[in-house]
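Q: output the structure for:
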Amino acid sequence: MPSVATIAADLDRFAPRALAAEWDNVGLLLGDPQSEVQRLMTCLTVTRSTAAEAIEAGAQMIVSHHPILFRGAKKLSLNSPDGDIVWPLARAGIAVYSPHTAFDNCAGGINDQIAERLGLIDVRPLRPKRQASFKIVVFTPDADLAKVSDALFQAGAGIIGQYSQCSYRLAGTGTFFGSDSTNPTVGVKGQREVVSEWRLEVVCSAEKLDGALRAMRTAHSYEEPAYDVYPLQPSLVGGGEGRIGRRSQPVKLVQLVEEVEKEFAVAHVPFVGDQAQSVSKIAIACGAAGEFLSDAVRAGADAFFTGEMRYHDLLTAEAKGLAVILPGHHATERLGVERLSERLQTTWPGLTIWPSRRESDPLSFR
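A: Predicted structure coming up:
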């Protein structure tokens with residue numbers, strides 16, 4: 001059976017944490033990475049109800065879209081707001097992983113799924129994601145080259161797009177003079193040594209830099225490894241936040257709203273705009289994403305699809321002639337959680353995996 005860490009690593013590859021919003025809390029948030037998983041539940045949010053469902057069903061892992069402990073907690077007890085949910089899960093040995101905005105934004109993630117349901121073409125990120133990265137250059141003797149490069153790769157360095165374990169290696173000559181307090185791995189102290197070495201170069205994301213450097217120093221046999229870290233120009237990474245695309249043929253706003261009601265199983269979808277206005281270009285940001293309103297306007301969208309927005313943001317959209325469609329936070333993200341369950345079941349056919357059966361939209365309509 002796969003371990004928690006194995007499943008978490010698969011989710012990290014599918015929804016890279018580099019695509020998450022800076023303020024988010026994603027990844028493995030609770031549990032023992034080495035624990036085996038036989039039963040796994042997905043859900044939109046870990047609540048008392050979904051936590052109880054996972055415990056009663058004997059799950060070893062929950063993949064929850066929304067993070068637990070999102071705002072941090074100073075106390076975890078059965079009497080605290082977070083503790084009454086997290087403590088029973090910890091006691092039952094259930095791990096919790098959250099992909100949240102990384103899943104919103106990744107290829108095949110929730111925003112892409114919404115774009116598919118809306119029949120959009122020419123889909124691209126609404127807010128392209130730029131990633132800070134560095135180049136690590138380290139000099140190693142021949143005997144260290146393999147173990148140092150392996151350590152860097154295992155720490156997450158050397159990834160370029162869909163390629164991993166990328167490096168550049170150049171043979172050369174290094175010199176050093178060790179003082180009386182040194183204990184050189186090669187040669188002797190008190191005299192200048194000339195040593196055959198390799199120049200090893202790898203790229204590394206900002207979030208993995210510290211871990212990669214620690215791994216490199218641990219694997220290196222020198223007391224003081226010679227290395228450089230060069231900052232690189234921030235680059236666009238695959239995906240990005242939100243999506244924008246167009247319909248193959250324009251549609252009236254009222255018709256689009258009716259389609260949304262059917263596709264997302266919402267009886268009455270509120271919207272802003274003239275029912276008769278023509279809509280072709282649609283911006284998308286699932287959940288509560290009013291912050292992307294200015295991006296939608298800047299991109300020249302005719303309509304903005306999101307789960308929920310503040311009243312004054314709706315007034316701003318109306319003033320700018322931008323239609324807004326609001327199926328609800330739950331409706332825009334729950335279907336993604338169900339599809340994630342299907343993806344995990346395909347990847348791990350020997351496991352029992354299901355989307356929470358008790359979870360429902362807290363909002364009710366008459």
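
Q: state the helix or strand in which A90 lies.
A: helix 83-91 (DSSP states H and E).

Q: same check on L340?
A: In the assignment (DSSP H and E), L340 maps to helix 329-347.

Q: give the buried residues for that helix.
A: Residues of helix 329-347 classed as buried: 329-337, 339-341, 344-345 (neighbour count, 16 or more other CB atoms under 10 Å). C-beta here means a position set from N, CA and C on the backbone, and glycine is covered the same way.

Q: the residue nearest the centre of the chain and Q131: what is the separation?
A: For the chain, the residue sitting closest to the mean C-alpha position, by CA atoms, centre = their mean, is A102 at 2.5 Å. Per CB to CB, to the nearest Å, A102 is found 13 Å from Q131.

Q: which other helices and strands contact the helix holding L340?
A: Contacting helix 329-347 under the criterion 3 or more CB pairs under 8 Å, 6 or more residues apart in numbering; DSSP states H and E are the following elements: helix 4-14, strand 39-43, helix 100-105, helix 110-117, strand 278-288, strand 303-308, strand 352-355.

Q: out of the ones you listed, which is closest to P125?
A: Ranking these by distance to P125, with CB to CB as the measure, places helix 100-105 first at 7.5 Å.

Q: name the residues that touch that closest one?
A: Under the criterion CB atoms under 8 Å, 6 or more residues apart in numbering, residues 15-21, 24-26, 65-67, 109-111, 125, 129, 239-242, 285-287, 333, 336, 340 lie in contact with helix 100-105.

Q: hang on, the earlier thing: Serialize the helices and strands packed on helix 329-347 to JSON lines and add fields for mean pLDDT and distance to G156.
A: Supplementary listing: the helices and strands packed on helix 329-347 in JSON lines, determined by pLDDT from 0 to 100; distance: least, CB to CB, whole Å:
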{"stretch": "helix 4-14", "mean pLDDT": "95", "distance to G156": "9"}
{"stretch": "strand 39-43", "mean pLDDT": "98", "distance to G156": "24"}
{"stretch": "helix 100-105", "mean pLDDT": "95", "distance to G156": "15"}
{"stretch": "helix 110-117", "mean pLDDT": "97", "distance to G156": "24"}
{"stretch": "strand 278-288", "mean pLDDT": "97", "distance to G156": "27"}
{"stretch": "strand 303-308", "mean pLDDT": "98", "distance to G156": "32"}
{"stretch": "strand 352-355", "mean pLDDT": "98", "distance to G156": "27"}
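
Q: mind putting the ones you listed into CSV with distance to K189?
A: Below are those laid out as CSV (distance: least, CB to CB, whole Å):
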stretch, distance to K189
helix 4-14, 42
strand 39-43, 56
helix 100-105, 49
helix 110-117, 59
strand 278-288, 61
strand 303-308, 65
strand 352-355, 59
